[in-house]
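> sequence isn't available, so here's the structure alone:
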């Protein structure tokens, strides 16, 4: 989870000012947020490019802490979740995709995998106790419904006919946002290979998710390794 946060915050920190800074491609309206106080009246909280960058680089630093010391305290993943939520709630064109909300969902679950700070914990539960079975199941359930939803969307009435023809990858590699040399090579593979790719995609999204819920650790690990292979192929191409 720390690595995911690091990728999200680092990407936004490097590109944020050029994308949605005051002089960016999609500039935010940097308006002061007022907060009433009974004694002194409204106070303005300045919201500027510098404020944004401080939030983003603080997220980069805390995500490194989470990667190095994952069991330090639940306050670290909770702080990362709040910082990431503050970026997503900006409602910019580049921080409001489905995977942003998925990161927040899994980030909240990760909070419950870390221990409470020592001065907040009143019980005698040692830090080496195994994680909550409920939280682990919710992680598996999230993977299940995410993949099943992706697979069902390809079979729906409004889906592209190329999914039923098994030909979607004949154009995917040249129309995706960031093709690379390996994508060029895959694009020029024969038609039978592209049809096999789409067939394997249906297997990945409609069969593998069920194996992730089977009460057999060996089966779940095999399904997870297969899913990692598919995701690696998507990233690689």
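Nice, I can see it. The shown structure was predicted, so the numbers you read here are calculated from the model rather than taken from an experiment. Numbering: from 1, shown residues only.
> what is the helix or strand that contains residue 53 packed up against?
Residue 53 is part of helix 49-68, with elements assigned from DSSP states H and E. Contact here means 3 or more CB pairs under 8 Å, 6 or more residues apart in numbering; DSSP states H and E; on that basis helix 49-68 packs against helix 2-20, helix 75-88. (Glycine included, C-beta is placed from N, CA and C.)
> now the nearest residue to residue 226 once chain neighbours are set aside. Its backbone dihedrals?
For residue 226, ignoring the flanking residues on the chain, the nearest one in space by CB to CB, 6 or more residues apart in numbering is residue 208 at 5.8 Å. Backbone dihedrals for residue 208, given as degrees, to the nearest 10, come out at phi -60, psi -40.
> measure residue 208 to residue 227 for me?
If you measure residue 208 against residue 227 using CB to CB, to the nearest Å, the figure is 6 Å.
> find the residues that touch each one of these two.
Counting by CB atoms under 8 Å, 6 or more residues apart in numbering, the contacts common to residue 208 and residue 227 are residue 147.
> so who does the residue nearest to the spatial centre of the chain touch?
The residue at the geometric middle of the chain, judged as the C-alpha nearest the mean C-alpha position with CA atoms, centre = their mean, is residue 103 (3.6 Å). Applying CB under 8 Å, 6+ apart, we find residue 103 in contact with 4-5, 8, 84.
> ranges for the strands of this structure?
Counting by DSSP state E, the chain has strands at residues 33-35, 43-45.
> lowest mean pLDDT across the ones you listed, which one is that?
Set side by side, the strands of the chain show their lowest mean pLDDT on strand 33-35, which sits at a mean of 43.
> quick one: mean pLDDT for stretch 217-230?
If you average the per-residue pLDDT over stretch 217-230, you get 94.
> now it: buried residues?
Within stretch 217-230, the residues that count as buried by 16 or more other CB atoms under 10 Å are 223, 226-227, 230.
> cool, and stretch 187-197?
Per 16+ other CB under 10 Å, stretch 187-197 contains these buried residues: 187, 194-195, 197.
> and the contacts of that stretch?
Under the contact criterion CB under 8 Å, 6+ apart, stretch 187-197 has outside partners 166-170, 173-174, 179.
> what about 10 Å?
162, 165-176, 179, 186, 233, 237 (CB atoms under 10 Å, 6 or more residues apart in numbering).
> what about the nearest residue to residue 5 once chain neighbours are set aside, neighbour count?
Leaving out its chain neighbours, the residue that sits closest to residue 5 by CB to CB, 6+ apart is residue 63, at 3.8 Å. The burial metric for residue 63, expressed as a neighbour count using other CB atoms under 10 Å, is 25.
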